[in-house]
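> sequence unavailable; structure follows:
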Ligand code: NI
């Protein structure tokens, strides 16, 4: 077994405040906590461009480009063309975050679906893995993804928020499951059961920073260094060592996103 002793934060928003004002220090603190690589994820055209710019400037950072379901109502047709043009840049390792959010419903559901499917078409065409956002839309997201299963679909359910039933469906689709600091919250029993259930070779870890700080930093701005707390919690739940969790989740992230070795 190849020795991998660093973690990858597979989902952060380094373009958002307060992270965007101190990226050097954020990456220093990440490194001190054994977090060696970070994927900065776009939510619209501008933040996708910003993710690419940050990834070009900082060696440990990689970019994901895409339009979040909240932003579906603001999309112009040419945004898809611009994203497609960015997809082949060497900094870009994924298409996302994309999906459906029926909890906040900032954009009408029909519009969310159309924007989601359009981006699944593009991502599968260019061969990029997708980063899926699913909030209170499990059935619809699984149904849509099922239509792409035979078309080289690869990707991850980011900030997984379901239980074992949803986990089984996601695994059947051939996708990875990514865990945030929500797993440290006392009320996350169902999620903790799902973490126990999912094989370690299908798990990723992330912060979704600046959001979702784990206990004991709950409510404060989150940052990539704290993915170490997520990994520690996953290790505890699965009765594995932190080294085993680092090895597998980083190997998984490298396999999915094609990240280089450090
Ligand atoms: Ni996010």
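Happy to help now that I have it. In this text the structure is predicted, and so the values were computed from the model without any measurement.
> now do the helix or strand residue 243 falls within: which elements does it pack against?
Using DSSP states H and E, residue 243 sits within helix 242-257. Helices and strands touching helix 242-257, by 3 or more Cβ pairs under 8 Å, 6 or more residues apart in numbering; DSSP states H and E, are strand 7-12, strand 35-41, strand 92-101, strand 203-205, helix 227-238. Placement of C-beta: from N, CA and C, glycine included.
> next, the residue lying closest to residue 186 once chain neighbours are set aside: phi, psi?
Nearest residue to residue 186 in three dimensions, chain neighbours excluded: residue 215, at 7.9 Å (Cβ to Cβ, 6 or more residues apart in numbering). Dihedral angles of residue 215 (phi, psi; degrees, to the nearest 10) stand at phi -60, psi 130.
> do residue 85 as well
When read as degrees, to the nearest 10, the backbone of residue 85 gives phi -70, psi -30.
> kindly report the same for residue 197.
Dihedral angles (degrees, to the nearest 10) for residue 197: phi -80, psi -40.
> what residues does the host helix or strand of residue 193 touch?
According to DSSP H and E, residue 193 maps onto helix 189-197. Under the contact criterion Cβ atoms under 8 Å, 6 or more residues apart in numbering, helix 189-197 has outside partners 160-164, 166-168, 177, 179, 182-183, 203, 234, 237-238.
> centre of the chain to that helix, how far?
Offset of helix 189-197 from its chain centre (Cα atoms, centre = their mean, to the nearest Å): 18 Å.
> just the buried residues of it, please?
For helix 189-197, the buried set under the neighbour-count rule, 16 or more other Cβ atoms under 10 Å, comprises 191-192, 194-195, 197.
> for stretch 58-72, same thing?
Under 16+ other Cβ under 10 Å, the buried positions of stretch 58-72 are 58, 60-72.
> and the residues you listed, which is closest to residue 82?
residue 65 (9.2 Å; Cβ to Cβ).
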